[in-house]
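Engineer: After the sequence you'll find the predicted model.
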Amino acid sequence: MIRPSLPQELVEMIFTWARLEPHKEIADFKTLAASSRVCKAWQAPAQGLLFRDIPISLCHRHRSLLIRTLSDRPDLGRHIRSFGMEITSPPVPWGRNPPKSSSKRYRRTVADFISILTHAPNLTRLSIDIDGEFDVADVSKFWSINLHHIQVLNWEGRPTSSALYLFLALWPSIRYLRIDNLFLDPLPEDRRPLSLRSLSMRDELSENFMTWLLPTPTDDGEPLRELHLECGLPSYGTLKDLQAHAHNLHVLTMDKIPPQSFLDALTVLKEFTFCELPRAPLQLPRSVQQVRCHAKRERPFYLIADGPLPRPLITPVESDESRISNETGYLTKALRELPNLVAVGATCQAPEKVLASLDKFCSEAFVEFVIYDSSAIFSPWRSLI
């Protein structure tokens with residue numbers, strides 16, 4: 001008796017849901033690997049999801065196994081959509097100067113990186129943590145790799161910017177860029193065409209780099225839609241350059257609320273996220289639909305008593321409750337003026353008084369109130385995963 005089999009579309013849908021862990025953050029590789037060996041009908045969909053996301057934490061042994069597998073089965077490389085890799089040199093012993101030439105491990109890692117990229121023609125997201133440079137031979141190999149679908153580049157670590165300039169020139173299709181840290185080299189003579197849809201920065205970069213990376217928007221280029229600044233309030237010059245893109249922004253994340261002149265330029269903003277509560281009355285863009293407050297619980301300050309005591313006498317200083325009350329009042333008053341507001345969010349680390357005030361406002365205004373985990377706010381790629 002032949003048992004009826006499930007439709008292939010249903011099998012693929014089941015594996016798509018089962019590929020993630022319960023927390024929906026990382027792929028469940030063990031389940032996918034076991035499922036690919038159950039039967040021939042399960043092999044193709046399970047292997048496709050198994051090779052879809054290659055984590056940045058992949059060790060050298062597993063990375064070597066991956067390269068051998070892709071060399072034997074090039075068809076599996078077409079399933080790779082996300083890939084991350086650490087290209088770092090071994091730590092230098094204390095008291096010794098770093099070697100002038102790259103270490104063997106660094107060169108081997110670069111070779112593995114190029115080999116995997118060669119076998120991933122449909123790659124769309126790339127995360128790289130690099131602390132060195134590429135030599136002339138590596139650059140020539142990069143130019144021979146055809147990656148026409150890559151859109152997301154997550155630049156981590158503390159590399160110099162010449163490697164970043166190379167990748168932006170190689171892959172003009174990049175639309176989503178996140179820069180963790182960067183040591184700036186002289187800017188290239190060729191200006192980068194305006195093509196970024198989303199930009200996320202952890203540290204503030206120089207005004208010249210921002211001008212090169214985000215030139216004045218034109219009618220024929222794709223405008224910048226999302227801006228995520230995880231650092232403090234940018235300098236006046238950087239903020240002035242960013243204001244030229246404000247009228248196109250739909251999503252904005254900033255540590256501190258920008259000046260009112262910048263807020264007035266945000267005519268089509270839909271989502272606004274900030275960390276520090278407003279310290280003065282303000283007017284938010286009337287187009288805003290979602291507001292997220294990433295306010296952190298303040299750490300208590302301590303006064304250490306003077307005098308030759310056997311143990312320091314520590315007295316806690318209470319936080320300024322009136323200041324928090326005023327800042328929360330400024331925020332809720334600004335929220336009442338938003339005709340299109342549908343949701344307000346805050347992190348669980350926010351002061352209890354802030355959470356209570358926002359919850360009360362949302363109940364009265366019939367607006368959804370959501371409490372987030374702190375890591376959920378600064379995640380500009382959540383819609384791409």
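Structural biologist: Thanks, I have the structure now.
Engineer: what about the strands in the protein?
Structural biologist: Shown for the chain, the strands assigned by DSSP state E span residues 53-54, 82-87, 125-130, 152-156, 176-179, 198-201, 226-229, 251-254, 271-274, 290-293, 301-304, 314-317, 343-347, 368-372.
Engineer: Where do the helices of the protein begin and end?
Structural biologist: 8-18, 29-35, 40-50, 60-72, 74-77, 104-118, 136-143, 161-170, 207-213, 236-243, 260-264, 321-336, 352-365 (DSSP state H).
Engineer: what's the angle between the first one and helix 40-50?
Structural biologist: Think helix 8-18. Angle between the axes of helix 8-18 and helix 40-50 is 40 degrees (criterion: axes from the mean of the first three to the mean of the last three C-alpha atoms, to 10 degrees).
Engineer: Tell me where the chain is predicted with low confidence.
Structural biologist: 1-4, 17-29, 89-102, 157-160, 191-194, 218-221, 296-320, 374-385 (pLDDT under 70).
Engineer: let's see it at 50
Structural biologist: 1-2, 92, 100, 299-318, 377-385 (pLDDT under 50).
Engineer: Minimum distance to Tyr372: which of the helices of the chain has it?
Structural biologist: helix 352-365 (11.3 Å; C-beta to C-beta). C-beta here means a position set from N, CA and C on the backbone, and glycine is covered the same way.
Engineer: Which residues does the closest one contact?
Structural biologist: For helix 352-365, contacts defined as C-beta atoms under 8 Å, 6 or more residues apart in numbering pick out 277, 293, 295, 321, 324-325, 328-329, 331-332, 335-336, 341, 344, 346, 367-369, 371.
Engineer: In ChimeraX, how would I select the buried members of these?
Structural biologist: A single ChimeraX command is used to select the members of those judged buried by 16 or more other C-beta atoms under 10 Å:
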select :277,293,295,324,328,331,332,335,341,344,346,367,369
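Engineer: Buried residues, stretch 197-207. List them.
Structural biologist: For stretch 197-207, the neighbour count (16+ other C-beta under 10 Å) marks 197-202, 204-205, 207 as buried.
Engineer: Which one of those is nearest to Asn122?
Structural biologist: The closest of the buried residues of stretch 197-207 to Asn122 turns out to be Arg197 (C-beta to C-beta; 19.5 Å).
Engineer: The closest one and Leu214 touch, don't they?
Structural biologist: No. The pair Arg197 and Leu214 fails to qualify as a contact (C-beta atoms under 8 Å) at a distance of 11.6 Å.
Engineer: tell me, what's touching the two both at once?
Structural biologist: Leu224.
Engineer: Count the residues that sit near Glu9.
Structural biologist: For Glu9, the count of nearby residues is 9 (other C-beta atoms under 10 Å).
Engineer: how deep is Leu168 tucked in, by neighbour count?
Structural biologist: Counted with other C-beta under 10 Å, the neighbours of Leu168 add up to 20.
Engineer: go on, Leu70?
Structural biologist: Neighbour count for Leu70, taken as other C-beta under 10 Å: 19.
Engineer: Phe272: what's it in contact with?
Structural biologist: Taking C-beta under 8 Å, 6+ apart, we find Phe272 in contact with 252-253, 266, 284-285, 288, 290-292.
Engineer: ok, these vs Ala246, which is closest?
Structural biologist: Nearest member of the contacts of Phe272 to Ala246, counting by C-beta to C-beta, is Leu266, at 5.1 Å.
Engineer: leaving aside the residues next to it on the chain, what's closest to the closest one?
Structural biologist: Pro285 (4.4 Å; C-beta to C-beta, 6 or more residues apart in numbering).
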